[in-house]
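Undergrad: Compute the structure for the input listed below.
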Amino acid sequence: MMYTLLAVVGVVLAVVIDVFVTRSRILATGSFWFAWPILVFFQLLTNGWLTGRGIVLYGEEHIIGLRIAYAPLEDLLFGFALIVLTISVWVRLGRDDPQKSSRSSQTYV
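TA: From the prediction side, this is the model:
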């Protein structure tokens with residue numbers, strides 16, 4: 001169950017970082033939730049190929065056993081955490097880009 005615990009902690013941390021640290025609040029946007037099923041589709045496709053062929057194996061004592069297209073639920077949780085964290089940091093870095101703010105304040109004739 002250790003993998004399960006780490007996956008849940010990863011999701012909680014990613015949401016906390018999105019809401020309180022980077023303050024990007026991507027989870028409140030419709031565009032994130034529109035894109036999420038597309039990301040999950042490709043994650044399941046890749047994970048299903050790797051686990052279905054036996055390339056990647058999971059110790060059954062470390063997961064809860066619920067699988068979707070060969071992918072353990074924990075992999076979907078980790079994928080969610082990674083995507084949320086990556087986009088949240090990307091949005092924050094875009095806001096803090098000094099060149100971006102100087103370009104927007106320039107006047108062109």
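Undergrad: Quick check: residue 39 vs residue 33, distance?
TA: As judged by CB to CB, to the nearest Å, residue 39 and residue 33 stand 11 Å apart. The way it works is simple: take the backbone N, C-alpha and C, and place the C-beta from them, glycine included.
Undergrad: Correction: the previous question concerned residue 25.
TA: Distance from residue 25 to residue 33, by CB to CB: 13 Å.
Undergrad: residue nearest the centroid of the protein?
TA: Nearest to the geometric centre of the chain sits residue 83, at 2.0 Å (CA atoms, centre = their mean).
Undergrad: How far away from the center of its chain is stretch 41-59?
TA: In terms of CA atoms, centre = their mean, to the nearest Å, the centre of stretch 41-59 is found 17 Å from the chain centre.
Undergrad: Stretch 65-78 too?
TA: The answer for stretch 65-78 is 14 Å, by CA atoms, centre = their mean.
Undergrad: Just the C-alphas of it, formatted as PDB.
TA: Output in PDB follows, covering the C-alpha atoms of stretch 65-78 (Å, rounded to 0.1, in the frame of the first residue of the first chain):
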ATOM      1  CA  GLY A  65      -5.400  -3.700  -7.100                       C
ATOM      2  CA  LEU A  66      -7.900  -1.500  -8.900                       C
ATOM      3  CA  ARG A  67      -6.800  -1.300 -12.600                       C
ATOM      4  CA  ILE A  68      -8.100   0.600 -15.500                       C
ATOM      5  CA  ALA A  69      -6.800  -0.700 -18.900                       C
ATOM      6  CA  TYR A  70      -4.000  -2.500 -17.100                       C
ATOM      7  CA  ALA A  71      -3.000   0.700 -15.300                       C
ATOM      8  CA  PRO A  72      -3.100   0.700 -11.500                       C
ATOM      9  CA  LEU A  73      -5.300   3.500 -10.100                       C
ATOM     10  CA  GLU A  74      -2.100   4.800  -8.400                       C
ATOM     11  CA  ASP A  75      -0.500   5.500 -11.800                       C
ATOM     12  CA  LEU A  76      -3.500   7.700 -12.700                       C
ATOM     13  CA  LEU A  77      -3.200   9.600  -9.400                       C
ATOM     14  CA  PHE A  78       0.500  10.100 -10.000                       C
END
